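1. How does the following fold in three dimensions:
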Amino acid sequence: MGQYDVPNTLGPKTIKELEEKTRFITGKRKISEFVTAITGRKEIPLKFEYLGEGADRYEKVLDDEDYSDAFNEAETIRSLSNNIIKATWRTKANLVYVGCGNGMKVLPLLHEFGKTHNPLNYALLDISPSMLLKAYKNTRQNYKSQIIIRCFEWDFEEGNFAYVTDYLKKNGDPLNLILFLGNTIGNLSDRARILANFRESMSFNDYLLITFHMVPRHPEEAIRVYSSSAITSWLTTALDNIGIDSTAGTIKVSYDKKRRQVEFHFNLTRDVSGSLDDREVNLHKGQKVLLATSHKFSRSEIRSLLNVAGFKIKWFHLNKGSTMANVLCQPKQL
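-> Have a look, this model is predicted:
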């Protein structure tokens, strides 16, 4: 795990460390995971799309009007800030943003917590050094009060991050409020395992705020939201990075009613080859590569998922259009 502890300013050496790591996949373990997925299952795990240039492409997705209008999460967080503070404030808390992206959507919550937390202890966790750097810079630029930002390069799919949460309590405030936003949980195939990783990283007095995208009333609307050129460009990042020409196929966006999820497939129209490190990747005409899924949840599914994973729900909030739920929960004794 890479950690960057930055009390008030990010020194040149640490900036260099992050910027030097803004490449695509490095490390034998990650390379093997990627190659096994694309060659063995014809899938590309979505986390790999955030690496390297993918961080810049993902920011363009967030700027897309159709997507932002459907899931205006920053505005929802703003409206819920007081409720979040009232529910969690027993003592001062570290804010822990897992899968932080560019960090912009939580700024309203930072400003609200900053009224009682001086300095504010804030941790950013992401698999992508590029995203960590963007989130750090965006926070520094937009949050002017005293803040301690600690950045951790971490893949939460690999296991718990108790090292981080324990470190924060020893070096910051005695409580952790973990943020897991953007329906990131809906992009993962084994949601129960991921929630177990979170629970193993928490004490009974810690809190977890999760955003879920809800089952759409009209599936065709869900497809439209995800059909922008910005999303298409972002989802071909991994293919581009291993030298596979994205014109060798077409991306099809569909909604699987049975699985309740939006699916993105790259349909090959000709044979193509690429490579990662010393590993060759060959794809053939007629094959389909699953680039991403975005699962949509019902109320009952959310409650069942959290219950089985060992969480108790403190409150459940639906936005005005019922497209998104924010759920605040805590670990329960099993």
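2. Look up how far R260 lies from T293.
-> As judged by C-beta to C-beta, to the nearest Å, T293 and R260 stand 10 Å apart. Quick note: C-beta positions are derived from backbone N, CA and C, even for glycine.
3. cool, F180 as well?
-> 20 Å.
4. higher neighbour count, those two?
-> When F180 and R260 are compared for neighbours, F180 comes out ahead with 22 against 19, by other C-beta atoms under 10 Å.
5. Check that one and give its pLDDT.
-> F180 is assigned 97 on the pLDDT scale.
6. Now do the contacts for it.
-> 98-99, 198, 208-211 (C-beta atoms under 8 Å, 6 or more residues apart in numbering).
7. What ranges does the stretch 51-200 of the chain have for its strands?
-> Here the stretch 51-200 of the chain has its strands, by DSSP state E, counting those that start in this stretch, at 93-98, 120-126, 147-153, 175-180.
8. Reformat the ones you listed as JSON lines; add distance to R193.
-> As requested, the strands of the stretch 51-200 of the chain are exported to JSON lines (distance: least, C-beta to C-beta, whole Å):
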{"stretch": "strand 93-98", "distance to R193": "15"}
{"stretch": "strand 120-126", "distance to R193": "17"}
{"stretch": "strand 147-153", "distance to R193": "20"}
{"stretch": "strand 175-180", "distance to R193": "14"}
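9. Out of these, which is closest to D277?
-> For the strands of the stretch 51-200 of the chain, proximity to D277 was assessed by C-beta to C-beta; strand 147-153 is nearest, at 19.3 Å.
10. Which secondary structure elements does that closest one sit against?
-> Packing partners of strand 147-153 (3 or more C-beta pairs under 8 Å, 6 or more residues apart in numbering; DSSP states H and E): strand 2-6, strand 120-126, helix 129-142.
11. still on that earlier bit, what is the most widely separated pair among the contacts of F180?
-> Longest span within those, C-beta to C-beta: F198 and T211, 13.7 Å.
12. how about low-confidence regions in the stretch 101-250 of the chain?
-> Nowhere does the stretch 101-250 of the chain drop to pLDDT under 70.
13. how about the helices in it?
-> 107-113, 129-142, 162-171, 191-199, 219-225, 229-235, 237-241 (DSSP state H, counting those that start in this stretch).
14. Pick the most buried one from the ones you listed.
-> Of all the helices of the stretch 101-250 of the chain, helix 237-241 has the most neighbours on average by mean count of other C-beta atoms under 10 Å, namely a mean of 22.
15. who wins for proximity to T165 among the strands of the stretch 51-200 of the chain?
-> Of all these, the one in closest proximity to T165, counting by C-beta to C-beta, is strand 175-180 (5.2 Å).
16. okay, how far is it across stretch 60-73, tip to tip?
-> End-to-end span of stretch 60-73 (C-alpha to C-alpha, to the nearest Å): 16 Å.
17. other SSEs contacting the helix or strand hosting E263?
-> Using DSSP states H and E, E263 sits in strand 261-268. The contact analysis (3+ C-beta pairs under 8 Å, 6+ apart) places strand 261-268 against helix 229-235, strand 249-256, strand 288-295.
18. what residues does the next helix or strand after that strand touch?
-> Proceeding N to C from strand 261-268, the next assigned helix or strand is strand 272-276, under DSSP H and E. Defining contact as C-beta under 8 Å, 6+ apart, one finds that strand 272-276 is touched by 24-25, 31, 34-35, 239, 241-245, 248-249, 280-283.
19. Keeping just the C-alphas, turn stretch 91-110 into CSV.
-> Output of stretch 91-110 as CSV, limited to C-alpha atoms (Å, rounded to 0.1, in the frame of the first residue of the first chain):
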residue,chain,number,x,y,z
THR,A,91,-17.1,12.9,18.8
LYS,A,92,-14.9,14.3,16.0
ALA,A,93,-14.5,12.0,13.0
ASN,A,94,-11.9,11.4,10.2
LEU,A,95,-13.5,11.6,6.8
VAL,A,96,-12.3,8.6,4.7
TYR,A,97,-13.2,8.8,1.0
VAL,A,98,-12.8,5.3,-0.6
GLY,A,99,-12.6,5.4,-4.4
CYS,A,100,-12.3,9.2,-4.2
GLY,A,101,-12.2,10.0,-8.0
ASN,A,102,-11.5,13.7,-8.4
GLY,A,103,-12.9,14.4,-4.9
MET,A,104,-15.3,17.2,-6.0
LYS,A,105,-18.6,15.8,-5.0
VAL,A,106,-17.8,15.7,-1.2
LEU,A,107,-16.7,19.3,-0.9
PRO,A,108,-20.0,20.4,0.6
LEU,A,109,-19.6,17.8,3.3
LEU,A,110,-16.0,18.9,4.0
